[in-house]
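S.K.: Model the following, please.
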Amino acid sequence: MKNILVVGATGQIGSELTMELRKRYGNNHVIAGYIQSSEPKGELLESGPSALADVTYSEMILDVVKKYKIDTIYNLAALLSVVAESKPQLAWHIGVDGLFNILEVARQYNCAVFTPSSIGSFGSTTPHVKTPQDTIQRPRTMYGVTKVTTELVSDYYYGRYGVDTRAVRFPGIISNVTAPGGGTTDYAVDIYYSAVKGQRFVCPLKEGTFMDMMYMPDAMNAAISLMEADPTRLIHRNAFNIASMSFAPETIYAEIKKNLPSFEMTYDIDPLKQLIADSWPDSLDDTCAQQEWDWKPQYNLESMTVDMIEKLKARDLK
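M.R.: Prediction:
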């Protein structure tokens, strides 16, 4: 049985991924790693063990790995895109220096490591439609720079030391559980909350801004499936394009309006978010993920919208 550490377990992805891993591997085999300012609460705290695991302190990571006999680390510690632009030094410290700490511990204790990359690892000079698996990556945001670096450093530790590193390039992730936390694609979460609350949504991106998106259940399944994949089939490792759906603000608005006819949306463009969004791909080619570990999403925009609205209505949002 695996012993898994989720670093960043209280974050946007980590909180749900930790619970999914506990369902699959058993509560006591999945450690929720957190930082001092963001302790686990509720079901996340009560369902299994947790431990301080700040990636910027290598000894802390080492202690947790030794104490719980960890063999797999999901390293989700990072600042999101918009936040990273306001705190570039911190984004590097967490995303890159923190990764080095994780990889060094993994090298010493033979741990597999998942550190997600992002569509933010691409830039304005990348082909935007059906972005290839292997293509130019010249981002102009600190978020993107750290993601390209994590891909290269993870590949280095695999090639140089044999550390079993694996990653996907996450698109924008849409969740009905975890609130957005400062990402460029977060409008696609906020819009559902506004719709279910009966509020007009003010979109920060202009009409026609296409970006790749994914529903959280597919994102979690991608991370876990890749870590369970036969290593002999993997060619790319760090990091695989994965895709599910691509849409612009007017597309998601129209889909929500099918279910909630009175819903209204206006535009108030955020220059920074628009600049970042314009540099990212419209859609990704995920052929390599399909071929190397049988990746296949379960949700499209229509099925996700029905499920999002149903789940948010059940929560009785105020």
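S.K.: what does stretch 124-137 contact?
M.R.: Contacts to stretch 124-137, defined as Cβ atoms under 8 Å, 6 or more residues apart in numbering, come from residues 119, 121-123, 138, 140, 144, 148, 151, 236, 240-241, 278-279, 281-288. Heads up, the C-betas are built off the backbone N, CA and C, glycines and all.
S.K.: Just the buried positions in it, please.
M.R.: Using 16 or more other Cβ atoms under 10 Å as the burial criterion, the residues of stretch 124-137 that qualify are 126, 128, 131, 133, 137.
S.K.: just the CA coordinates of stretch 94-111, formatted as PDB?
M.R.: The C-alpha coordinates for stretch 94-111 follow below in PDB (Å, rounded to 0.1, in the frame of the first residue of the first chain):
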ATOM      1  CA  ILE A  94       7.800  28.400  -3.400                       C
ATOM      2  CA  GLY A  95       7.600  27.000  -6.900                       C
ATOM      3  CA  VAL A  96      11.300  26.400  -7.700                       C
ATOM      4  CA  ASP A  97      13.300  26.500  -4.500                       C
ATOM      5  CA  GLY A  98      10.500  24.400  -2.900                       C
ATOM      6  CA  LEU A  99      10.700  21.900  -5.700                       C
ATOM      7  CA  PHE A 100      14.400  21.500  -5.200                       C
ATOM      8  CA  ASN A 101      13.700  20.600  -1.500                       C
ATOM      9  CA  ILE A 102      11.100  18.100  -2.500                       C
ATOM     10  CA  LEU A 103      13.300  16.400  -5.100                       C
ATOM     11  CA  GLU A 104      16.300  16.200  -2.900                       C
ATOM     12  CA  VAL A 105      14.200  14.400  -0.200                       C
ATOM     13  CA  ALA A 106      12.700  12.200  -3.000                       C
ATOM     14  CA  ARG A 107      16.200  11.300  -4.200                       C
ATOM     15  CA  GLN A 108      17.400  10.300  -0.800                       C
ATOM     16  CA  TYR A 109      14.200   8.300   0.100                       C
ATOM     17  CA  ASN A 110      13.200   6.900  -3.300                       C
ATOM     18  CA  CYS A 111       9.900   8.800  -3.600                       C
END
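S.K.: May I see the buried residues of the helix or strand encompassing residue 18?
M.R.: According to DSSP states H and E, residue 18 maps onto helix 14-25. Of the residues in helix 14-25, 14, 15, 16, 17, 18, 19, 20, 21, 22, 25 count as buried by neighbour count, 16+ other Cβ under 10 Å.
S.K.: Packing partners of the helix or strand bottoming out on mean pLDDT in the chain?
M.R.: Here the helix or strand of the chain ranked lowest by mean pLDDT, DSSP states H and E is helix 81-86, holding a mean of 88. Packing partners of helix 81-86 (3 or more Cβ pairs under 8 Å, 6 or more residues apart in numbering; DSSP states H and E): helix 88-92, helix 142-161, helix 271-279.
S.K.: Show me which positions of that helix end up buried.
M.R.: Buried positions in helix 81-86, judged by neighbour count with 16+ other Cβ under 10 Å: 81, 82, 83, 84, 85.
S.K.: circling back: now do the helix holding residue 18: which elements does it pack against?
M.R.: Helix 14-25 packs on strand 4-7, strand 30-34, helix 42-46, strand 72-75, helix 216-228, going by 3+ Cβ pairs under 8 Å, 6+ apart.
S.K.: Residues in contact with it: which ones?
M.R.: By Cβ under 8 Å, 6+ apart, the list of residues contacting helix 14-25 reads 1-2, 4, 6-9, 29-30, 32, 43-44, 47-48, 74, 76, 175, 177-178, 216, 220, 223-224.
S.K.: thinking again about what came up before, list just the nearest of the buried residues of helix 81-86 to residue 163.
M.R.: residue 84 (25.3 Å; Cβ to Cβ).
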